[in-house]
Structures are given as C-alpha cells and as structure tokens.
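> please work out how this folds:
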Amino acid sequence: MKDKQPEKKKKHSFLPVILILALVAVGATAAAVGLSQREKPESKPEPETSQESDSGLKEGQVVHNGVTYEYNKNLETLLFLGVDKRESEFDEHATGEGGQADCILLFILDPGQQTVRILQISRDTMVDLDIYDANGEKFGTEKGQITLQYAYGDGKQRSCWLMEQAVSKLLYGVEIDGYFAMNLEGFSKATDLVGGVTLTVPEDYTAIDPAFQKGATVTMDGELARKYVQTRDITVLGSNNDRMERQAQFLEALAQKMTQDGGNAVSYTRLFTELQDHIVTDMNADDLASLSDYEFTETIKAPGETRAGEEHDEFYTDEEALYELILELFYVPVQQS
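Numbers count the residues shown, from 1 in each chain. Predicted structure coming up:
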C-alpha cells in the first residue's frame, strides 16, 4: 500500500465548512478576547530560525539535487483538526482525556493567487512524540502515531499547539499560522442543524450501518454522520486510509449543504449557540474574512505506506517523496544571477 508519488485530488472543497464554523468559533471568543491579533501561549515553543551559513545560503534557503530553493514567505497555513474523544477511551496508550486528532488537514493559502491547497496527513503517521508529565513538563520523546500528540494537551488550546509543533516537525519545519479544531460531537450537531447531509455511498459499508449500501444515496442525520466519519475496522490493515476518504467526502457534502441558498441553510446565530463548545481556534476576524475569496484547487495526501504495528496500524512517510512535496508546496527555486 505504498504511494510512490503524493496522491492529488481535485474534488474536495472543505473551505466553506472551515469558514462558517470558524465564524461561529470567533463569535464564541470575541467577547472575551480582542480580535486584533491571535492569542499566543506563553509555553508555545518558537520555531527555530536558521542563520546565513558558510555555504552562502541565506535564511530560508535549501539545496536539493543541485537546485537552491527559497521558502515562500507569502504563503499562509491553517491546521484543521477533527478530534475524536472516544478514541482515548479505547486506547490504553492514550494520555489525558482530551481525545485524539483523527482528521489532520493543512490548508495552504496563497494570498497572491487567492488559491488554497489541502495537505491531508494520516493520523497513524509515525513521529517522535513529545512526552509530558501530569504537570505539563516535557521529559522525553517516544515513537508513536501523530494523533497521540493531541492527547498530551488539555483537549483545547494546548493540544492544538502541540499538534502544530508535531505537524511542523513532520513537514521539515513548515510554519503553521493558525489552527481550527472541532470534535465529532460538533460535526454531528452541525449535520442535524443543517437538516441532514446527503451523499452517495461509494463502497459497501453495511458493516458500519445497514443504510450504507454501495451506491445508495443516504441523507444522514447527526448519528449516521458520526458513524460514517468515525468508524473503522482496526483489524483491517490500512482502514484509516479508507476512513480518510469518507471524512473528505462528508466534509465536501457538508460544505455544499452549509453554503446552499447563499449560505442561509442555517442561521449563524443558531450555529454559534449550538457549536461554540465544540470548537477551538486561534483565528481572528481578519483571518476569517480573507478566506472567503479563496479558490480551492486540490487535496494532496502525504506520501508513504501503512504497515501493521504490534497493536495498531502505523503509517510511515516516504521521506524522499515527502521532502520533494514540501519543496513543491512551500518553496520556490532561486533565480541564479
């Protein structure tokens, strides 16, 4: 199940969902904190910066296969996390009660082109996790699925900050400008609030629910939606890859429902009331306003392969393919004079 080249898709557009739900989240925090700038945690580690080296490379420059690249500082990034608190109930290795980040998407925004790409990262990606004690003090690292890094926080801001750092390290130091997290209960409520979400089931998922027959068009309520995006057969190798496809399909369908009739499918006031307890974000009003003008272009899966671990699936990135993908997405070749 190895992907030699990153898989690209051009059909999923999650931006309307993020925009609408993030507006709800900002409404929940606007009264308590100003929206002029993002709140930054005192404990959040700052990204490392490189200095001009003896090789003549400037800060933000790298050389690969004889070509010099420069980090594209014009890009902006937004980390989206779909959080499943139930995972920690059944995972003996989970720490804390904050849950795990089961859906990990990095939105890559190009303000100059007004376009957005989405990098989809498997929750089973194996990384060096930062391990913290009950007092929040780091005391070491261990190998584990990236989803578990979220569990070492508080299920809110600190968990998101930890995931920012984990994703940044995975992507060779790519800077992440903001985050938006929502738990599965929130998605379930959002589904009910918009009157259900309709989609066509691409494969036979009757093991999840009898309604999910291949080719069936199903209008899901909140409970069916939760089953569709959450359930996987952990006895089947690579089951999370299949679930990622279902999550992507559902988010697209939810986006379509939320934005129908000019975005009036459900009032923002009601969304604010019902969903504010299910969303965590550090985005401000200016950030959100800028998203509405962006055009979605493609979804890209981080390349690698799924292997059977001792207890759970483990996804190992193809380091060479991932590095080249990072250069493609975040760097530009330096013009030689």
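> which strand or helix spans residue 165?
Element membership for residue 165, per DSSP states H and E: helix 157-170.
> now do that helix: which elements does it pack against?
For helix 157-170, the packing partners by 3 or more C-beta pairs under 8 Å, 6 or more residues apart in numbering; DSSP states H and E come out as strand 76-84, strand 100-110, strand 126-132, strand 178-183, strand 279-281. (Glycine included, C-beta is placed from N, CA and C.)
> which residues touch it?
If you take C-beta atoms under 8 Å, 6 or more residues apart in numbering as the criterion, helix 157-170 is touched by 39, 41, 43-45, 47, 79, 81, 83, 98-99, 101, 104, 106, 121, 125, 127-130, 136, 146, 149-153, 174-176, 179, 181, 280, 282, 302, 317.
> any of these buried? List them.
Taking 16 or more other C-beta atoms under 10 Å as the criterion, what is buried in the contacts of helix 157-170 is 79, 81, 83, 98-99, 101, 104, 106, 121, 125, 127, 129-130, 146, 149-153, 174, 176, 179, 181, 280, 282, 302, 317.
> worst mean pLDDT among the helices and strands packed on helix 157-170?
Lowest mean pLDDT within those: strand 279-281, a mean of 86.
> that strand: partners in the sheet, and parallel or antiparallel?
Take DSSP bridges as the rule and strand 279-281 pairs in its sheet with strand 178-183 (antiparallel).
> contacts for the helix or strand that the strand it pairs with is followed by?
Sequence-wise, the next helix or strand downstream of strand 178-183 (DSSP H and E) is helix 184-193. The contact list for helix 184-193 (C-beta under 8 Å, 6+ apart) reads 21, 82-86, 102, 197, 220-223, 225-226, 229-230, 250, 254, 258, 266, 270-271, 274-275, 278-279.
> just these: which are in strands?
82-84, 102, 197, 220, 279 (DSSP state E).
> tabulate these in a markdown table, adding columns for distance to residue 73.
Formatted as a markdown table, the ones in strands among the contacts of helix 184-193 follow (distance: C-beta to C-beta, whole Å):
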| residue | distance to residue 73 |
| --- | --- |
| 82 | 29 |
| 83 | 30 |
| 84 | 34 |
| 102 | 31 |
| 197 | 38 |
| 220 | 41 |
| 279 | 29 |
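> determine which two of those residues are furthest apart.
The span of the ones in strands among the contacts of helix 184-193, defined through C-beta to C-beta, is set by 220 and 279 at 20.6 Å.
> so between the two, which is more surrounded?
Neighbour count, other C-beta atoms under 10 Å: between residue 220 and residue 279, residue 220 has more, with 25 against 22.
> I figured residue 106 was touching residue 119, is that so?
Yes. Between residue 106 and residue 119 there is a contact at 4.3 Å, judged by C-beta atoms under 8 Å.
> so for stretch 60-70, mean pLDDT?
So the average pLDDT for stretch 60-70 ends up being 92.
> with only the CA atoms kept, save it in PDB.
Listed next in PDB are the C-alpha coordinates belonging to stretch 60-70 (Å, rounded to 0.1, in the frame of the first residue of the first chain):
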ATOM      1  CA  GLY A  60      15.000  30.100   4.500                       C
ATOM      2  CA  GLN A  61      17.100  28.600   1.600                       C
ATOM      3  CA  VAL A  62      17.900  24.900   1.000                       C
ATOM      4  CA  VAL A  63      19.700  23.000  -1.700                       C
ATOM      5  CA  HIS A  64      18.300  19.800  -3.200                       C
ATOM      6  CA  ASN A  65      19.700  18.000  -6.200                       C
ATOM      7  CA  GLY A  66      21.900  20.900  -7.100                       C
ATOM      8  CA  VAL A  67      19.000  23.400  -7.100                       C
ATOM      9  CA  THR A  68      18.700  26.200  -4.500                       C
ATOM     10  CA  TYR A  69      15.200  26.800  -3.100                       C
ATOM     11  CA  GLU A  70      13.800  29.600  -1.000                       C
END
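> residues making contact with that stretch?
So stretch 60-70 is contacted by 50, 55, 57-58, 71, 73, 323-324, 327, 331-334, 336 (C-beta under 8 Å, 6+ apart).
> repeat the analysis, applying 6 Å as the threshold.
71, 327, 331-334 (C-beta atoms under 6 Å, 6 or more residues apart in numbering).
> this completes my enquiry, with thanks.
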